[in-house]
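S.K.: return a 3D structure for these sequence lines:
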Amino acid sequence: MRAVVVPRYGDPDVLELRTVPDPRPGPGEVLVSVEAIGVNYHDTLARTGALELRPPFVAGVEGAGTVIEIGSEVSEIVVGQRVAWPLTEGSYAELAAIPAGATVPVPDGVTSELAAALLAQGLTAHYLAVDAYPVQAGDDVVVHAAAGGVGRLVLQLACHRGGRVLATTSTAAKAQAAVSAGAAVALNYDDWASQVKDLTGGKGAEVVYDGVGASTFESNLAAVARRGHIVLYGASSGPVPPFDLRRLAKFGSPYISRPSLRDYVTTRPELLARAAAVFDLASTGVIDVPIAGRFTLADASDAQRGLEDRSRAGKLLIFPGTSPPTRLEIHQTRPSSPLPE
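M.R.: Residues are numbered from 1 along each chain as shown. You can find the predicted model right below:
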């Protein structure tokens with residue numbers, strides 16, 4: 001089969017399209033004919049050596065396709081079933097051996113493309129807005145990078161649950177995208193915290209969802225309400241520096257959490273229930289995922305480069321065929337600051 005291999009750490013140009021032996025499903029695994037692959041920041045971290053993976057390895061952690069073979073000890077999945085997975089290495093390939101317990105069934109009416117685009121970010125947005133801090137009707141909710149993949153979904157879920165979203169974005173085009181997705185107002189990253197205080201009558205936001213990290217963390221403290229919540233789920237601008245927890249008393253005693261998706265899909269029933277909820281929200285139009293670019297395996301370097309330079313607003317997908325199923329007219333924008341969407 002063909003697969004995209006990371007032979008050594010480096011920039012996107014290190015990615016190599018190789019012919020490698022077909023995988024075989026081991027005990028508890030299923031072999032999937034991959035139909036669509038999501039491009040994820042995890043992929044870029046693995047490629048640069050920020051994770052513990054040692055080259056060479058096949059890139060990618062999320063995708064969707066059809067089961068063509070099952071290994072021993074697999075009982076709930078059958079050949080011919082469409083499945084998707086959010087957190088399994090080796091997805092930039094024509095075939096992937098996936099632990100059966102890590103897959104979720106793709107419902108009829110949901111394409112493999114949508115499943116690959118939606119699942120990982122949809123699960124993340126769902127646990128953030130429903131569990132990490134359950135948005136309540138009337139809450140003022142700050143969503144950073146609100147035109148980005150997870151940010152847009154958190155924005156939509158927060159609105160669906162009755163919150164008023166105060167979005168932050170880096171460009172006018174992304175601000176408009178956030179407002180179109182339901183944000184009450186879109187703020188740029190200049191002095192956004194004081195604007196949040198003004199918009200909330202001095203109270204501050206009940207919750208700040210932050211996937212940016214270092215560049216926004218200090219302002220989060222100024223923008224959050226007394227005993228409010230700062231939910232830090234990413235660090236696209238770099239990790240938050242060491243922080244003296246005693247400082248929280250000076251900012252109204254807010255709560256700070258750093259959740260991870262893996263801790264919100266710890267059991268098979270939890271993964272299935274959360275995935276079913278995400279697919280239902282998409283099928284009913286509560287959330288959506290704009291597709292910003294479609295690439296082939298041979299174009300994987302371009303796909304990862306497009307993710308890292310934040311030149312596209314929406315999900316980037318890779319397809320195993322020799323050409324993507326549809327070529328899009330890609331609207332490219334360049335951020336005016338080093339911050340993400």
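S.K.: which other helices and strands contact whatever helix or strand residue 219 lives in?
M.R.: Under the criterion of DSSP states H and E, residue 219 resides in helix 217-223. Where contact means 3 or more C-beta pairs under 8 Å, 6 or more residues apart in numbering; DSSP states H and E, helix 217-223 is packed against helix 192-199, strand 205-210, strand 224-232. C-beta coordinates here come from the backbone N, C-alpha and C atoms, glycine included.
S.K.: residues of the following helix or strand past the last one that come out buried?
M.R.: Next along the chain after strand 224-232, taking DSSP H and E as the criterion, comes strand 255-257. If you call a residue buried by 16 or more other C-beta atoms under 10 Å, then strand 255-257 has these buried ones: residue 256.
S.K.: repeat for stretch 271-288
M.R.: 271, 272, 274, 275, 278, 279, 281, 282, 286, 287.
S.K.: tally up the residues packed near residue 239, please.
M.R.: Look at residue 239: counted by other C-beta atoms under 10 Å, it has 11 neighbours.
S.K.: could you do residue 129 as well?
M.R.: 26.
S.K.: just the one 10 residues further on next, same as before
M.R.: As a burial measure, the neighbour count of residue 139 was computed by other C-beta under 10 Å and equals 20.
S.K.: for the closest residue to residue 261 other than its chain neighbours, phi and psi?
M.R.: Excluding its sequence neighbours, the residue lying closest to residue 261 (C-beta to C-beta, 6 or more residues apart in numbering) is residue 124, at 5.1 Å. Here is the backbone geometry of residue 124 (degrees, to the nearest 10): phi -60, psi -50.
S.K.: which residues touch residue 124?
M.R.: 150, 153, 233, 261 (C-beta atoms under 8 Å, 6 or more residues apart in numbering).
S.K.: switch to 7 Å and redo it
M.R.: If you count contacts by C-beta atoms under 7 Å, 6 or more residues apart in numbering, residue 124 has them with 150, 233, 261.
S.K.: most packed of the helices and strands packed on helix 217-223?
M.R.: strand 205-210 (a mean of 28; mean count of other C-beta atoms under 10 Å).
S.K.: can you list the residues that contact that strand?
M.R.: With C-beta under 7 Å, 6+ apart, strand 205-210 has contacts from 128, 133, 135, 139-144, 154, 166, 196, 216, 220, 223-225, 228-233.
S.K.: what's the answer for stretch 291-299, then?
M.R.: With C-beta under 7 Å, 6+ apart as the criterion, stretch 291-299 contacts 2, 4, 17, 92, 117, 302-303, 306, 312-328, 330.
S.K.: narrow the residues you listed to those in strands?
M.R.: 2, 4, 17, 315, 316, 317, 318, 319 (DSSP state E).
S.K.: re earlier: go through the helix holding residue 219 and flag the buried ones.
M.R.: 217, 219, 220, 221, 223.
S.K.: kindly report the same for stretch 136-155.
M.R.: 139-155.
S.K.: now swap in stretch 116-130 and tell me
M.R.: So, applying 16+ other C-beta under 10 Å, buried residues of stretch 116-130: 116-129.
S.K.: same deal with stretch 252-271?
M.R.: 254, 256, 259, 261, 264, 265, 271.
S.K.: going by distance to residue 244, which of the residues you listed wins?
M.R.: Nearest to residue 244 among the buried residues of stretch 252-271, counting by C-beta to C-beta, is residue 256 at 12.1 Å.
S.K.: beta-bridge partners for residue 33, please?
M.R.: residue 66, residue 95 (DSSP bridges).
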